[in-house]
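Visitor: Please find the sequence and the predicted model below.
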Amino acid sequence: MNVENLLYESKIRFNHNLAKHYLKEKYQSKLIFANQGGLWKADQPLLSLLVSGASKKFILLDLNENPVKVDRAELFQKTLDIYHEVMEAWHQEWEELRNKR
Amino acid sequence: MKGVLLFAFNTDEVDYVKMAYATSQRVNNFLNLPCTLVTNKPTDYKFDKVTYLDSDSTNIKNHKVWLNKGRYNAYNLSPYDETLLLDVDYVVNSTKLLDVFSFYEDYCIHNSASFLMYPDFTQECISPISFRTLWATVFFFKKTERVKLFFDCVKMVQENYTHYANLHGMWSYLYRNDHAFAIANRILNGHIESKCDFIPWNLIHIGEKTTVEKDKNNSFKVILDNDKKEYIIVKDLDFHMLDKKNFMRLFCE
């Protein structure tokens, strides 16, 4: 076993994981928003759920675990807008960090 | 009216009022909110308002006086309808905290934290046999009856800390606002955890064995104090600096 290679690889992965952790902490908080009396996180499960529903009104558990009756289309659009905006910034900063390393 | 409340009582070792002034500058810059200082002596530093409160020197940490008691007075001392109560070593570096004004009816507090340079940090509990610590570093509240009850409860816990320490298996000789707030929140919710009072993102700590340096504009270089000096550049993210000397070097010199 080449210990130098092992140390090098370990340091690279450490930096990589540290950067991932930092970006996750930063951008996950930006995905949270209030709408129609509930608190939501604009993530993939919420988007999937909203897009799969057929009815105009929809009852969902929000982040505080309260059932909230929402206008599905309105919440979907708001969620999608925030998701795109935040994930675009997250991806861009991730690419910048990767290129720097 | 919205605003920020900062408690700062100077000790022989730390100029907390100077730290509060630095924090108030960042609050003005990022959140565009007025700041009120709660302290025990007149100061030359300019705040929107200064309110006086006698400090309680009965708490000892690492053989030194820790003037952290009396936080329950925030409800009566705040001149604002909606208040952000911040520790003076909390570095406001984004507009994120403005969200809490629209998210909550009464109050909110962090129930989870993360160390920026130590991703494997496990959540702290007030004791090995009890529930999670709440972090009084950032506390948002409106002036409602429920919030008044909360602060009355914090006062009760502070004044009977030995009893609550025995009850929850905590160390009784060191009073922590984090623990008093956690116990008060628990009591107020009928001894059941309620998600409704928690800020839905982590409080970011930058702890010991980590150095923070200014990078450019509002970004910071956070460096691990090890042989390899790994670092990350942090921007647009608030953080809580546990190392007061590092905070003073960064913002007060």
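Guide: Okay, I see it.

Visitor: what's the neighbour count on whatever residue of the stretch 51-200 of chain B ends up closest to chain A?
Guide: Nearest residue of the stretch 51-200 of chain B to chain A: residue B:119, at 4.0 Å (C-beta to the nearest C-beta). Bear in mind the C-beta positions are built from the backbone N, C-alpha and C, glycine included. Look at residue B:119: counted by other C-beta atoms under 10 Å in any protein chain shown, it has 15 neighbours.

Visitor: Please name the nearest non-neighbouring residue to it.
Guide: For residue B:119, ignoring the flanking residues on the chain, the nearest one in space by C-beta to C-beta, 6 or more residues apart in numbering or on different chains is residue A:21 at 4.0 Å.

Visitor: what about that neighbour, neighbour count?
Guide: Count around residue A:21 with other C-beta under 10 Å applied: 18.

Visitor: Okay, buried residues for stretch B:104-111 please.
Guide: For stretch B:104-111, burial by neighbour count (16 or more other C-beta atoms under 10 Å in any protein chain shown) applies to B:104, B:106, B:107, B:108, B:109, B:110, B:111.

Visitor: which residues touch the fourth one?
Guide: Going back to what we said before, that points to residue B:108. Residue B:108 makes contact with B:100, B:139, B:140, B:141, B:197, B:198, B:199 under the criterion C-beta atoms under 8 Å, 6 or more residues apart in numbering or on different chains.

Visitor: Look up the closest residue to residue B:39, ignoring the ones flanking it.
Guide: In space, and not counting its chain neighbours, residue B:39 is closest to residue B:8: 5.2 Å by C-beta to C-beta, 6+ apart.

Visitor: Surely that neighbour and residue B:38 touch.
Guide: Yes: the pair residue B:8 / residue B:38 is scored as a contact, 7.3 Å apart, by C-beta atoms under 8 Å.

Visitor: ends of stretch B:200-215, how far apart?
Guide: Stretch B:200-215 has an end-to-end distance of 29 Å (C-alpha to C-alpha, to the nearest Å).

Visitor: near chain A at all, that stretch?
Guide: Yes: counting by C-beta under 8 Å from any C-beta of the partner chain, chain A is contacted by stretch B:200-215 at B:200, B:201, B:202, B:204.

Visitor: And stretch B:16-30, by the same measure?
Guide: No: using C-beta under 8 Å from any C-beta, we find that stretch B:16-30 stays clear of chain A, coming within 14.5 Å at best.

Visitor: contacting residues around that stretch?
Guide: Outside stretch B:16-30, the residues that reach it (C-beta under 8 Å, 6+ apart) are B:4, B:6, B:8-10, B:33-35, B:37, B:39, B:43, B:45-47, B:67, B:86, B:88-95, B:244, B:247-248, B:251-252.

Visitor: ok now that stretch, how far from the chain's centre?
Guide: 13 Å (C-alpha atoms, centre = their mean, to the nearest Å).

Visitor: now swap in stretch B:19-35 and tell me
Guide: Worked out by C-alpha atoms, centre = their mean, stretch B:19-35 lies 14 Å from the chain centre.
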